[in-house]
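Peer 1: What would the 3D arrangement of this be:
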Amino acid sequence: MLLNAKRTNLFFVYFALWLITISSLLCLVSKYELFALINHHRCTIADYIFSFFTELGSGYVLIPMLFYFLYKKNYRLIINLAVILIVNSLLVSWLKHYFYESRPLLAYGRSVVETAPWTTLYEKYSFPSGHTSLAFAIGTYLSLVFKNNYLKIICFASACLIGYSRVYLGEHFPIDVCCGSILGLSVACIYYFLVNNYLSKRFRKEPKTLSSFVETVG
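Peer 2: Reported below is the predicted structural model:
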């Protein structure tokens, strides 16, 4: 099944606007200025709000989500989300070790980087943002699977807030978040395309194989 534009364009329109906004800001101001613009404008309530969203991006949110889909007996979706999680995590880990970029704390020092009192700041493996990548991978895939436009908006808004929280809490630079979002969206789209097009066509001549494949993976 090809990507249905009527079902999927809303998420991608918002993503394009998100990407254009961040890219434009990165072109207009320096890496440090954009980081400081987000990181230095804070309040206690925002500390709690963005700490909550950054925890959503850690993957813990997938646990109740997977239990819900298990209760609904949507095993195909569970397997798909698990595969996306694994692939995305492996790619993020490889990129982090390959680029070995310093985080804001190591680049600017504790006197410059601000965070919530309960947040532990790390020094290395800044690029790309794993939290953001996972959020956009899951959000993108759910927006491709489900028709509900409100769900698409929730997925996109949540992913954006998770990405913003990583800069707000001083864990990442905006470029880390921007590239993390691109990576996550790419993983979800490529996997969706492979499962729903290439692999389905490949096994079409083998009814039993295709049947079992569709029943377990989708």
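
Peer 1: Helix or strand with the lowest mean pLDDT in this protein?
Peer 2: One helix or strand of the chain scores below all others by mean pLDDT, DSSP states H and E: helix 207-216, with a mean of 42.

Peer 1: Run through the helices of the protein in chain order.
Peer 2: 5-28, 31-39, 44-55, 62-71, 75-99, 104-108, 130-145, 149-168, 174-193, 199-202, 207-216 (DSSP state H).

Peer 1: For the second one, the averaged confidence score.
Peer 2: The reference is to helix 31-39. For helix 31-39, mean pLDDT rounds to 93.

Peer 1: Tell me which residues are up against it.
Peer 2: 25-26, 29, 104, 108, 112-114, 164, 167-170, 173-175 (CB atoms under 8 Å, 6 or more residues apart in numbering). From N, CA and C alone the C-beta is placed, and that goes for glycine too.

Peer 1: just the buried members of these?
Peer 2: 26, 104, 108, 113-114, 164, 167-170, 173-175 (16 or more other CB atoms under 10 Å).

Peer 1: now, the most widely separated pair of those?
Peer 2: Using CB to CB, the two most remote members of these are Leu26 and Glu114, lying 20.6 Å apart.

Peer 1: If we go by neighbour counts, what in stretch 26-42 is buried?
Peer 2: Applying 16+ other CB under 10 Å to stretch 26-42 flags 26, 34-36, 38-39, 42 as buried.

Peer 1: Save the residues you listed as a markdown table, and put in distance to Leu185 too.
Peer 2: Listed next are the buried residues of stretch 26-42 as a markdown table, based on distance: CB to CB, whole Å:
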| residue | distance to Leu185 |
| --- | --- |
| Leu26 | 18 |
| Leu34 | 21 |
| Phe35 | 23 |
| Ala36 | 27 |
| Ile38 | 21 |
| Asn39 | 25 |
| Arg42 | 28 |
